[in-house]
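Novice: below are the sequence and a predicted model; questions follow.
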Amino acid sequence: MSFLFWVFAVVMLIAATGFIAIPLRNGRPLFATPIAFTALLVPLSAVGLYALLGSPVASIANESPARSQSSVASLVDGLRDRLRHEPDDAGGWLLLAQSYKHLGRQDEALAAYAHARSLGETDVNFEALLPGQNGARQSPVIDQGPAIRGRVALAPNATTLVRPDDTVFIFAKQSSHDRMPVLALRRSAADLPIDFVLTDREMMVPGTHLTDFEELLVMVRVSRNGTAADTSAGLEAWSQPISPVNGKSMELTIEAASQSGNDDNE
């Protein structure tokens, strides 16, 4: 930026010289016109101000890092709050993960990315950071902490209704009326029957944990268009309320009816 400033100053000086040289060539006294005086004064003043104040860009660049970090954190918090009302925005969750990573909030970045991943949005840089991926160190919180475990299967009358390219979403909610789930996991229908484990890694809101909830409901939905809100297939299953820390394993059976009953098994 300083290089461009000096180029501009040189051009102004050349122009000023022209304004001055023309009157001299015509035999007129130096500074005989106000224009010549102004033409010389402007570039000289600019050079003087630059020397006195320094580069304005450098001034911005030297702004307090703590202040800049605080501004970014405020924007990130706004994005997080928006995603609580728009939980199906996969791109938004990925952006939130990248923002947390920029702020050095690694655990929250991984939690946000896990949700983006469950909605079909992936990033190679985050994939390498996931526990168990590419030799990464296993996370004791995820591997040894509380978890909701179960198995999703198709009833005989639903096998012809589910396509291999359909998507299976597994949610945990506080109630059947909640729009936003507490945890979310995305799998391909081609994997059915599916054994699943929901842990803190699948939390929708970074910083929350399974132990924060006394009971949760697990819901399974088959999606035709690959979005969590899609109900066009009409294939869902719900669990009974369960404690996230009781260690039980459940079995959810997807039947042809739009809502199906299911039992929890030890």
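Specialist: Noted; the coordinates are in hand. None of these values were measured; they are calculated from a predicted model.

Novice: give me the three-state assignment for Arg84.
Specialist: The assignment at Arg84 comes out as helix when based on DSSP: H, G, I helix; E, B strand; the rest coil.

Novice: residues in contact with the closest residue to it other than its chain neighbours?
Specialist: Counting by CB to CB, 6 or more residues apart in numbering, the nearest residue to Arg84 once its immediate chain neighbours are dropped is Met180, at 6.2 Å. The C-beta positions use only the backbone N, C-alpha and C, and glycine is treated the same way. Neighbour list for Met180: Arg84, His85, Pro87, Lys173, Met204 [criterion: CB atoms under 8 Å, 6 or more residues apart in numbering].

Novice: show me which of those are buried.
Specialist: For these, a neighbour count by 16 or more other CB atoms under 10 Å gives the buried set as Pro87, Lys173, Met204.

Novice: what's the closest of those residues to Leu216?
Specialist: Closest approach to Leu216 among the buried ones among the contacts of Met180 (CB to CB): Lys173, at 6.6 Å.

Novice: pretty sure the closest one contacts Leu216?
Specialist: Yes: between Lys173 and Leu216 a contact is recorded at 6.6 Å, counting by CB atoms under 8 Å.

Novice: joint contacts of the two?
Specialist: Overlap of the contact sets of Lys173 and Leu216 (by CB under 8 Å, 6+ apart) consists of Val182.

Novice: would you map the strands across the stretch 151-266 of the chain?
Specialist: Along the stretch 151-266 of the chain, counting by DSSP state E, counting those that start in this stretch, strands occupy 167-173, 183-188, 194-198, 217-223, 236-238, 249-254, 264-265.

Novice: out of these, name the one with the poorest average pLDDT.
Specialist: Taking the average pLDDT of each of the strands of the stretch 151-266 of the chain, the minimum falls on strand 264-265, with a mean of 45.

Novice: quickly list the domain ranges of this protein.
Specialist: The chain breaks down by automatic domain parsing into domains covering 2-61, 73-127, 140-265.

Novice: worst mean pLDDT among those domains?
Specialist: When the domains of the chain are compared by mean pLDDT, domain 2-61 comes last with a mean of 51.

Novice: what's the closest of the buried ones among the contacts of Met180 to Met250?
Specialist: Lys173 (14.2 Å).

Novice: can you pull the contacts of that closest one?
Specialist: For Lys173, the residues meeting the contact criterion (CB under 8 Å, 6+ apart) are Met180, Pro181, Val182, Leu216, Leu217, Val218, Met219.

Novice: burial of Gln255, as a residue count?
Specialist: Gln isn't right for residue 255; it's Glu. With neighbours defined by other CB atoms under 10 Å, the count for Glu255 comes to 18.
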